[in-house]
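Asks: curious how this folds, go ahead:
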Amino acid sequence: MGSEDEEIIRILIDATNREILTVLNESHRGLSVTELAEHLASADEQELERTIVSLHHEYLPRLDEVGLVAYDHDENTVTTGRRSADDADWMDVEALDELLSQFETGRRPDERTVGRLEGREAVYDYCRELADRADDELFLIYASDELLDEACVPHAENAIDRDVELHAGTKNDAAREFFRERLPEATIWEPQMDWMYERANYPKVSRLIVADRETVVVGLWDEDATGSRTEVAMIGEGQTNPLVVLTRELLGPRLDHLDYQSDEFLGSLPFET
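Replies: Residues are numbered from 1 along each chain as shown. You can find the predicted model right below:
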(Lines give C-alpha, C1' and ligand atoms only; values in the text may rest on other atoms or scores of the structure.)
Protein backbone atom coordinates (compact mmCIF):
# COMPACT_ATOMS: atom_id res chain seq x y z
CA MET A 1 0.00 0.00 0.00
CA GLY A 2 1.42 3.37 -1.01
CA SER A 3 1.94 6.30 1.33
CA GLU A 4 -0.87 8.29 -0.32
CA ASP A 5 -3.30 5.41 0.15
CA GLU A 6 -2.26 5.18 3.80
CA GLU A 7 -2.88 8.91 4.25
CA ILE A 8 -6.33 8.57 2.64
CA ILE A 9 -7.23 5.85 5.12
CA ARG A 10 -6.04 7.97 8.03
CA ILE A 11 -8.17 10.85 6.76
CA LEU A 12 -11.25 8.74 6.22
CA ILE A 13 -11.19 7.27 9.69
CA ASP A 14 -12.61 10.65 10.67
CA ALA A 15 -16.40 10.62 10.36
CA THR A 16 -16.51 14.31 9.38
CA ASN A 17 -14.27 13.70 6.38
CA ARG A 18 -16.52 10.85 5.25
CA GLU A 19 -19.58 13.06 5.68
CA ILE A 20 -17.99 15.82 3.57
CA LEU A 21 -17.46 13.39 0.69
CA THR A 22 -20.99 12.04 1.04
CA VAL A 23 -22.47 15.55 0.86
CA LEU A 24 -20.41 16.38 -2.25
CA ASN A 25 -21.36 13.11 -3.95
CA GLU A 26 -25.04 13.68 -3.28
CA SER A 27 -25.01 17.33 -4.39
CA HIS A 28 -23.81 16.54 -7.98
CA ARG A 29 -22.26 20.03 -8.13
CA GLY A 30 -19.70 22.16 -6.40
CA LEU A 31 -20.60 23.80 -3.11
CA SER A 32 -19.46 26.90 -1.34
CA VAL A 33 -17.78 26.28 2.00
CA THR A 34 -20.77 27.88 3.73
CA GLU A 35 -23.19 25.57 1.90
CA LEU A 36 -21.10 22.57 2.87
CA ALA A 37 -21.00 23.72 6.50
CA GLU A 38 -24.79 24.07 6.53
CA HIS A 39 -25.07 20.38 5.63
CA LEU A 40 -22.70 19.39 8.44
CA ALA A 41 -23.75 21.69 11.28
CA SER A 42 -26.99 22.50 13.03
CA ALA A 43 -28.81 25.78 12.54
CA ASP A 44 -26.99 27.26 15.53
CA GLU A 45 -25.03 30.27 14.27
CA GLN A 46 -21.99 29.70 16.49
CA GLU A 47 -21.71 26.03 15.56
CA LEU A 48 -22.02 26.94 11.88
CA GLU A 49 -19.19 29.47 12.21
CA ARG A 50 -16.97 26.92 14.00
CA THR A 51 -17.67 24.39 11.26
CA ILE A 52 -16.73 26.89 8.53
CA VAL A 53 -13.44 27.65 10.29
CA SER A 54 -12.68 23.93 10.72
CA LEU A 55 -13.42 23.26 7.05
CA HIS A 56 -11.16 26.11 5.92
CA HIS A 57 -8.19 25.32 8.12
CA GLU A 58 -8.36 21.60 8.80
CA TYR A 59 -10.60 19.31 6.77
CA LEU A 60 -10.60 20.70 3.24
CA PRO A 61 -6.84 21.28 2.86
CA ARG A 62 -6.11 17.67 3.83
CA LEU A 63 -8.82 16.26 1.57
CA ASP A 64 -7.57 18.45 -1.29
CA GLU A 65 -3.96 17.34 -0.78
CA VAL A 66 -4.81 13.67 -1.45
CA GLY A 67 -7.21 14.47 -4.30
CA LEU A 68 -10.50 13.55 -2.64
CA VAL A 69 -11.83 17.08 -3.11
CA ALA A 70 -10.80 20.12 -5.13
CA TYR A 71 -10.75 23.09 -2.76
CA ASP A 72 -10.43 26.62 -4.11
CA HIS A 73 -9.41 28.66 -1.10
CA ASP A 74 -9.71 32.00 -2.93
CA GLU A 75 -13.21 31.32 -4.26
CA ASN A 76 -14.31 29.35 -1.15
CA THR A 77 -15.68 26.52 -3.28
CA VAL A 78 -15.39 22.75 -3.04
CA THR A 79 -15.91 20.14 -5.75
CA THR A 80 -15.20 16.45 -6.02
CA GLY A 81 -11.54 15.65 -6.56
CA ARG A 82 -9.51 13.59 -9.00
CA ARG A 83 -10.04 10.49 -6.84
CA SER A 84 -13.49 8.95 -6.84
CA ALA A 85 -14.77 7.60 -3.55
CA ASP A 86 -16.87 5.11 -5.48
CA ASP A 87 -13.91 3.74 -7.44
CA ALA A 88 -12.09 2.54 -4.34
CA ASP A 89 -15.06 1.95 -2.00
CA TRP A 90 -13.60 4.55 0.35
CA MET A 91 -17.00 5.06 1.96
CA ASP A 92 -17.38 1.37 2.83
CA VAL A 93 -16.67 1.18 6.58
CA GLU A 94 -15.96 -2.56 6.42
CA ALA A 95 -13.41 -1.95 3.66
CA LEU A 96 -11.77 0.74 5.80
CA ASP A 97 -11.50 -1.62 8.76
CA GLU A 98 -9.93 -4.27 6.53
CA LEU A 99 -7.36 -1.78 5.21
CA LEU A 100 -6.62 -0.48 8.70
CA SER A 101 -5.64 -3.98 9.77
CA GLN A 102 -2.61 -3.69 7.45
CA PHE A 103 -1.03 -0.88 9.46
CA GLU A 104 1.84 -1.88 11.71
CA THR A 105 0.74 0.61 14.35
CA GLY A 106 -2.86 -0.61 14.51
CA ARG A 107 -5.28 2.33 14.53
CA ARG A 108 -8.24 0.32 15.80
CA PRO A 109 -7.03 -2.47 18.10
CA ASP A 110 -9.47 -5.10 19.24
CA GLU A 111 -9.99 -5.73 22.96
CA ARG A 112 -6.99 -8.06 23.12
CA THR A 113 -4.39 -5.71 21.64
CA VAL A 114 -2.65 -2.48 22.50
CA GLY A 115 -1.98 -0.34 19.43
CA ARG A 116 0.82 2.15 18.84
CA LEU A 117 0.84 5.54 17.11
CA GLU A 118 4.00 7.28 15.90
CA GLY A 119 4.31 11.06 15.79
CA ARG A 120 2.38 13.98 17.22
CA GLU A 121 0.08 14.42 14.21
CA ALA A 122 -1.00 10.77 14.29
CA VAL A 123 -1.85 11.15 17.99
CA TYR A 124 -3.75 14.39 17.30
CA ASP A 125 -5.78 12.70 14.55
CA TYR A 126 -6.72 9.77 16.73
CA CYS A 127 -7.65 11.95 19.73
CA ARG A 128 -9.84 14.21 17.58
CA GLU A 129 -11.61 11.16 16.21
CA LEU A 130 -12.03 9.92 19.78
CA ALA A 131 -13.70 13.19 20.78
CA ASP A 132 -16.01 12.95 17.75
CA ARG A 133 -17.28 9.51 18.74
CA ALA A 134 -17.46 9.93 22.51
CA ASP A 135 -20.96 9.37 23.90
CA ASP A 136 -20.80 10.11 27.62
CA GLU A 137 -17.50 11.51 28.87
CA LEU A 138 -14.00 12.60 27.91
CA PHE A 139 -11.32 12.54 30.58
CA LEU A 140 -8.10 14.43 29.71
CA ILE A 141 -4.80 14.85 31.54
CA TYR A 142 -2.01 16.97 30.02
CA ALA A 143 1.47 17.08 31.54
CA SER A 144 2.09 20.57 30.10
CA ASP A 145 0.63 23.09 27.66
CA GLU A 146 3.04 22.01 24.91
CA LEU A 147 0.57 19.75 23.12
CA LEU A 148 -2.53 21.92 23.39
CA ASP A 149 -3.79 22.75 19.92
CA GLU A 150 -6.48 25.19 18.76
CA ALA A 151 -7.56 22.76 16.01
CA CYS A 152 -8.65 20.29 18.71
CA VAL A 153 -10.99 22.78 20.39
CA PRO A 154 -13.93 22.42 17.92
CA HIS A 155 -13.92 18.65 18.47
CA ALA A 156 -14.12 19.15 22.24
CA GLU A 157 -16.81 21.81 21.84
CA ASN A 158 -18.87 19.52 19.62
CA ALA A 159 -18.58 16.77 22.23
CA ILE A 160 -19.80 19.15 24.95
CA ASP A 161 -22.68 20.22 22.69
CA ARG A 162 -23.68 16.52 22.52
CA ASP A 163 -23.82 16.51 26.35
CA VAL A 164 -20.52 14.67 26.69
CA GLU A 165 -19.00 15.48 30.08
CA LEU A 166 -15.46 16.77 29.65
CA HIS A 167 -12.94 16.65 32.52
CA ALA A 168 -9.59 18.35 31.85
CA GLY A 169 -6.78 17.87 34.37
CA THR A 170 -3.33 19.44 34.47
CA LYS A 171 -0.84 20.87 36.98
CA ASN A 172 0.38 23.34 34.37
CA ASP A 173 -0.98 26.87 34.92
CA ALA A 174 -0.90 27.78 31.22
CA ALA A 175 -2.74 24.60 30.29
CA ARG A 176 -5.43 25.22 32.91
CA GLU A 177 -5.89 28.75 31.59
CA PHE A 178 -6.18 27.36 28.05
CA PHE A 179 -8.96 24.99 29.10
CA ARG A 180 -10.78 27.68 31.11
CA GLU A 181 -10.75 30.14 28.21
CA ARG A 182 -11.47 27.76 25.33
CA LEU A 183 -13.72 25.22 27.10
CA PRO A 184 -15.49 27.04 29.93
CA GLU A 185 -18.12 24.30 30.27
CA ALA A 186 -15.49 21.65 31.05
CA THR A 187 -14.57 20.58 34.57
CA ILE A 188 -10.97 21.73 35.21
CA TRP A 189 -8.97 20.10 38.01
CA GLU A 190 -5.44 19.54 39.27
CA PRO A 191 -4.31 15.89 39.14
CA GLN A 192 -2.49 14.34 42.10
CA MET A 193 -0.90 11.48 40.12
CA ASP A 194 2.83 11.66 40.83
CA TRP A 195 3.55 8.92 38.31
CA MET A 196 2.69 11.38 35.54
CA TYR A 197 4.66 14.39 36.72
CA GLU A 198 7.71 13.52 38.78
CA ARG A 199 9.83 11.25 36.60
CA ALA A 200 13.29 12.65 35.97
CA ASN A 201 14.09 10.60 32.87
CA TYR A 202 12.41 9.88 29.55
CA PRO A 203 10.08 8.47 28.45
CA LYS A 204 7.59 10.75 30.20
CA VAL A 205 3.82 10.75 29.89
CA SER A 206 2.73 13.63 27.63
CA ARG A 207 -1.05 13.20 27.80
CA LEU A 208 -3.66 10.69 28.83
CA ILE A 209 -7.14 10.59 27.35
CA VAL A 210 -10.02 8.28 28.25
CA ALA A 211 -13.34 8.24 26.36
CA ASP A 212 -16.46 6.60 27.76
CA ARG A 213 -14.29 4.60 30.21
CA GLU A 214 -13.43 2.11 27.50
CA THR A 215 -10.95 3.78 25.12
CA VAL A 216 -7.54 4.98 26.30
CA VAL A 217 -4.71 6.98 24.73
CA VAL A 218 -1.44 7.27 26.67
CA GLY A 219 1.04 9.62 25.00
CA LEU A 220 4.76 9.35 25.75
CA TRP A 221 7.76 11.54 24.93
CA ASP A 222 10.56 9.54 23.28
CA GLU A 223 13.84 11.50 23.36
CA ASP A 224 16.92 10.40 21.43
CA ALA A 225 20.60 11.03 22.21
CA THR A 226 20.51 14.41 20.43
CA GLY A 227 17.65 15.68 22.58
CA SER A 228 15.09 15.47 19.77
CA ARG A 229 11.68 14.42 21.06
CA THR A 230 8.94 12.45 19.34
CA GLU A 231 5.52 11.70 20.74
CA VAL A 232 4.36 8.10 20.54
CA ALA A 233 1.16 6.74 22.01
CA MET A 234 -0.34 3.49 23.19
CA ILE A 235 -4.04 3.01 22.42
CA GLY A 236 -6.51 0.47 23.72
CA GLU A 237 -10.22 -0.02 23.12
CA GLY A 238 -12.75 -2.14 25.00
CA GLN A 239 -13.69 -2.78 28.63
CA THR A 240 -11.34 -5.78 28.84
CA ASN A 241 -8.43 -4.25 26.92
CA PRO A 242 -5.26 -4.55 29.06
CA LEU A 243 -4.34 -0.86 28.70
CA VAL A 244 -7.88 0.23 29.56
CA VAL A 245 -7.98 -2.01 32.63
CA LEU A 246 -4.55 -0.83 33.82
CA THR A 247 -5.46 2.84 33.36
CA ARG A 248 -8.69 2.44 35.28
CA GLU A 249 -6.80 0.75 38.12
CA LEU A 250 -4.20 3.53 38.22
CA LEU A 251 -6.67 6.41 38.06
CA GLY A 252 -9.40 5.19 40.38
CA PRO A 253 -7.64 5.20 43.77
CA ARG A 254 -5.62 8.33 43.04
CA LEU A 255 -8.65 10.48 42.43
CA ASP A 256 -9.37 10.05 46.13
CA HIS A 257 -6.36 12.31 46.71
CA LEU A 258 -8.42 15.30 45.56
CA ASP A 259 -9.51 15.71 49.18
CA TYR A 260 -9.30 19.50 48.98
CA GLN A 261 -12.12 19.50 46.42
CA SER A 262 -15.81 19.53 47.33
CA ASP A 263 -17.88 16.36 47.56
CA GLU A 264 -19.89 17.58 44.60
CA PHE A 265 -16.74 17.95 42.52
CA LEU A 266 -15.51 14.47 43.43
CA GLY A 267 -18.91 13.00 42.67
CA SER A 268 -18.79 14.33 39.11
CA LEU A 269 -15.44 12.75 38.24
CA PRO A 270 -15.18 9.38 36.51
CA PHE A 271 -13.40 6.35 38.01
CA GLU A 272 -14.61 7.10 41.53
CA THR A 273 -14.15 4.21 43.93
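
Asks: pLDDT wise, what is S84 at?
Replies: As predicted, S84 sits at a pLDDT of 56.

Asks: what about I8, neighbour count?
Replies: Neighbourhood size, I8 [other CB atoms under 10 Å]: 24. From N, CA and C alone the C-beta is placed, and that goes for glycine too.

Asks: so who does the closest residue to E150 other than its chain neighbours touch?
Replies: In space, and not counting its chain neighbours, E150 is closest to R182: 7.7 Å by CB to CB, 6 or more residues apart in numbering. By CB atoms under 8 Å, 6 or more residues apart in numbering, the contact set of R182 is E150, V153, A156.

Asks: average model confidence for the helix or strand where L12 lies?
Replies: If you go by DSSP states H and E, L12 is part of helix 3-13. Averaged across helix 3-13, pLDDT comes to 67.

Asks: can you name the next helix or strand after it?
Replies: Per DSSP H and E, the helix or strand that comes after helix 3-13 is helix 15-27.

Asks: can you name every helix or strand that that next one contacts?
Replies: Secondary-structure packing of helix 15-27 (3 or more CB pairs under 8 Å, 6 or more residues apart in numbering; DSSP states H and E): helix 3-13, helix 33-40, helix 60-65, strand 69-72, strand 77-80, helix 85-88, helix 120-133.

Asks: which one of the ones you listed lies closest to T51?
Replies: Among the helices and strands packed on helix 15-27, helix 33-40 comes nearest to T51, with 4.3 Å by CB to CB.

Asks: what residues does the closest one touch?
Replies: Helix 33-40 has contacts (CB under 8 Å, 6+ apart) with 16, 19-20, 23-24, 31, 48, 51-52, 55-56, 60, 76-78.

Asks: just the buried ones from those residues?
Replies: Buried subset of these (neighbour count, 16 or more other CB atoms under 10 Å): T16, I20, V23, L24, L31, L48, T51, I52, L55, L60, N76, V78.

Asks: quick one: the third one from L36, how far?
Replies: Put plainly, it is V23. Using CB to CB, to the nearest Å, V23 is found at 6 Å from L36.

Asks: would you map the strands across the stretch 151-273 of the chain?
Replies: Using DSSP state E, counting those that start in this stretch, the strands of the stretch 151-273 of the chain run over residues 165-169, 187-189, 204-211, 215-223, 229-237.

Asks: hmm, who's touching the last one?
Replies: Around strand 229-237, the neighbours that count as contacts under CB under 8 Å, 6+ apart are 106-111, 113-120, 122-123, 126, 147, 202, 206, 214-224, 242-244, 247.

Asks: show me which of the residues you listed are buried.
Replies: For these, a burial check counting by 16+ other CB under 10 Å picks out 106-109, 113-117, 120, 122-123, 126, 147, 206, 214-221, 243-244, 247.

Asks: no further questions, thank you.
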